[in-house]
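# After the sequence you'll find the predicted model.
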Amino acid sequence: MIFVIYNRIKHSLGLLALLAAGGMLAGCGFHLQGSNGELPTATAQTYLQTDDPYSDFYESLRQALRERGAGVVESPQDASAVLRILEDSYGQRILSVSARNVPREYEVFYTVTFSLEAGGSELLAPESMLVTRSYTWDETQVLGKSAEESELRQSLARDLALRVLRRIAADRQSVPAT
């Protein structure tokens, strides 16, 4: 009997501690990574200007904008904001080699440069972002490692798209509403 009462009290205290921790996190301004602020109203209808509309970054940015409630339009005349992708490039470089001078580890990198314009004025000056990841290489697993490199590149593009949107959301106080 005492054991049952003890367990109920222990369970209630755990629940109370969990609720208190949740309240403190909400009160301090903590937000989960997926809910990083709202985009400025000027980006409600955004045109993505790029030289490569088929890149991993472009597709990730387009999808991320739509997930945040922004419309992606096909013409700059229909847009309330123009997000210019000035650079969109990726590559890989060797990080280490074996004693036989065979690559053992590679680094995949993705870099973008972007700017934001709305209402004929530049809201964000050109800004560059670079992300990297490394992976090991095994010449006996060429197909698997090539697929891993491709997946890493796509993951980096998604990460960069979210970073660009966080950068725009962070600067939304200076972005005028249109």
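Received the coordinates, thanks.

# where does this structure dip in pLDDT?
Counting by pLDDT under 70, the chain has low-confidence residues at 1-37, 172-178.

# Repeat the analysis, applying 50 as the threshold.
33-35, 175-178 (pLDDT under 50).

# how does it divide into domains?
1-30, 36-170 (automatic domain parsing).

# Sort out which residues of the longest helix along the chain are buried, please.
When the chain is parsed with DSSP state H, its longest helix is helix 142-170. Using 16 or more other C-beta atoms under 10 Å as the test for burial, helix 142-170 gives 145, 148-149, 152-162, 164-165, 168-169. In this view, the C-beta of every residue, glycine as well, is placed from N, C-alpha and C.

# Remind me what that helix packs against, helices and strands.
helix 56-67, strand 81-97, strand 103-118, strand 121-136 (3 or more C-beta pairs under 8 Å, 6 or more residues apart in numbering; DSSP states H and E).

# Which strands border the longest one, and is each parallel or antiparallel?
Here the strand partners of strand 81-97, with direction, are listed using DSSP bridges: strand 45-49 (parallel), strand 103-118 (antiparallel).

# Looking at these, spot the one closest to Val73.
strand 45-49 (5.2 Å; C-beta to C-beta).

# starting at the chain centroid, how far to that closest one?
18 Å (C-alpha atoms, centre = their mean, to the nearest Å).

# Let the chain start at 849 from now.
Okay, residue one is now 849; in that scheme the one you just asked about reads as strand 893-897.

# That one vs helix 990-1018, what angle?
When axes from the mean of the first three to the mean of the last three C-alpha atoms, to 10 degrees is applied, the directions of strand 893-897 and helix 990-1018 differ by 130 degrees.

# So which residues make contact with strand 893-897?
With C-beta atoms under 8 Å, 6 or more residues apart in numbering as the contact definition, strand 893-897 has outside contacts at 906, 909-910, 913, 918-924, 926-933.

# do stretch 984-991 as well
So stretch 984-991 is contacted by 950-954, 993 (C-beta under 8 Å, 6+ apart).

# Of the contacts of strand 893-897, select the buried ones using a PyMOL command.
Under the burial definition 16+ other C-beta under 10 Å, those of the contacts of strand 893-897 that qualify are selected in PyMOL by:
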select buried, resi 906+909+910+913+918+921+927+928+929+930+931+932+933
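
# Identify the residues contacting the closest residue to Leu964 other than its chain neighbours.
Of all residues not flanking Leu964 in the chain, Leu972 sits nearest, at 4.0 Å (C-beta to C-beta, 6 or more residues apart in numbering). By C-beta under 8 Å, 6+ apart, Leu972 lies in contact with 962-964, 1015-1016, 1019.
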